[in-house]
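output the structure for:
(one chain, ligands or ions: 1)
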Amino acid sequence: MSLDVKQRLIVALDVDTRTEAERLVEALEGHVGAFKVGMQLYDSEGPEIVRRLMQRGGKVFVDLKFHDIPNTVAQAGRVMTRLGVFMYNLHVAGGQEMMRQTVAATHEEAKAAGVNPPLVLGVTVLTSITPQQLREEIGIDRDLTEQVVKWAKLAQKAGLDGVVASPQEIRAIRQACGPEFLIVTPGVRPAGSQLNDQKRVMTPGEAIAAGASYLVVGRPITEAADPAAAARAIVQEMEKAGR
Ligand code: C5P
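Numbers count the residues shown, from 1 in each chain. Reported below is the predicted structural model:
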């Protein structure tokens, strides 16, 4: 990827209020590529928080993981497009038809509005799911990584721009889907930092070296005494991995 490395760092704004989100954005503007607004912040502040972040010049990844029938998700994709987000995501488990219709609706809406279409990402197997749960609860008898790769390929075939994947899955997806397919990776921890509830982590350098396109980092930056300094240190690690 030829993007400026800083552009490949996305900070998860996992807070409840606009005030907290804007305090973080103020500290981090110019140091990172985009901000991720997930259910916690979106469900408390609504689309207005996304508009406000974009008015400040920020790029926003809306992480709401849509999973519904094709028409419903396609209409949600139109809403994301009109809102002007940089990325949004849906569950690949919703099926090929749902993904195809959503990509088509997103592109159609972007054309009508004269804006760039958002990047559409697929969520494969949630990283909180263990191989045992996949087999016994969800009823999928395949090896977990094989299932992730199968769904990443389905997402690619349906026209999605990429997937969200854990660090452990980057290499297999990169190999199966080629160099252009986007891999957005959470579960990243700088060497020596707290793991919090993340278990299978990689450092920013390792994730970039494995082939990640974008890294999503939350607490190591948002809970740092100096968030901008924490972000700069991560960007430096990413630069050293140089890809
Ligand atoms: O604070 P931390 O760096 O763990 O935040 C990572 C972000 O990425 C959180 O918003 C979390 O919900 C999200 N995420 C994740 N693992 C996934 C998918 C999303 O940690 N598999």
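
near the ligand, which residues of the protein show up?
Taking C-beta under 6 Å from any ligand atom as the criterion, the chain approaches the ligand at residues 12, 14, 38, 126-127, 164, 166, 186-187, 196, 198, 216-219. Glycine gets a C-beta too; all of them are placed from N, C-alpha and C.

counting neighbours, what do you get for residue 98?
24 (other C-beta atoms under 10 Å).

could you list every helix and strand in contact with whichever strand or helix holds it?
With elements taken from DSSP states H and E, the one containing residue 98 is helix 96-113. When contacts are defined as 3 or more C-beta pairs under 8 Å, 6 or more residues apart in numbering; DSSP states H and E, helix 96-113 sits against helix 70-83, strand 87-91, strand 119-123, helix 144-157.

could you measure from the closest residue to residue 78 other than its chain neighbours over to residue 47?
Spatial nearest neighbour of residue 78, excluding adjacent residues (C-beta to C-beta, 6 or more residues apart in numbering): residue 109 at 4.4 Å. Distance, residue 109 to residue 47, using C-beta to C-beta, to the nearest Å: 15 Å.

the more surrounded of the two?
residue 109 (20 against 15).

thinking again about what came up before, can you redo the helices and strands packed on helix 96-113 as CSV with mean pLDDT and mean neighbour count?
Putting these into CSV (pLDDT from 0 to 100; neighbours: other C-beta atoms under 10 Å) gives the following:
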stretch, mean pLDDT, mean neighbour count
helix 70-83, 98, 19
strand 87-91, 98, 23
strand 119-123, 98, 23
helix 144-157, 97, 19
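
what's the closest of the ones you listed to residue 181?
helix 144-157 (5.7 Å; C-beta to C-beta).

tell me the angle of that closest one relative to strand 87-91?
120 degrees (axes from the mean of the first three to the mean of the last three C-alpha atoms, to 10 degrees).

for the ligand, what is the nearest residue in this structure?
The minimum distance from the chain to the ligand, using C-beta to the nearest ligand atom, falls at residue 218 (2.4 Å).

spell out the secondary structure type for residue 138.
Under DSSP: H, G, I helix; E, B strand; the rest coil, residue 138 falls in the coil class.

next, count neighbours for the closest residue to it other than its chain neighbours.
Excluding its sequence neighbours, the residue lying closest to residue 138 (C-beta to C-beta, 6+ apart) is residue 129, at 7.3 Å. Per other C-beta under 10 Å, the neighbour tally for residue 129 reads 15.

doesn't residue 129 belong to a helix?
No: counting by three-state DSSP, residue 129 is not part of a helix but coil.

when you give positions from now on, start the count at 802
Happy to do that; since the first residue is 802 now, the last one works out to residue 930.

thank you kindly, that will do.
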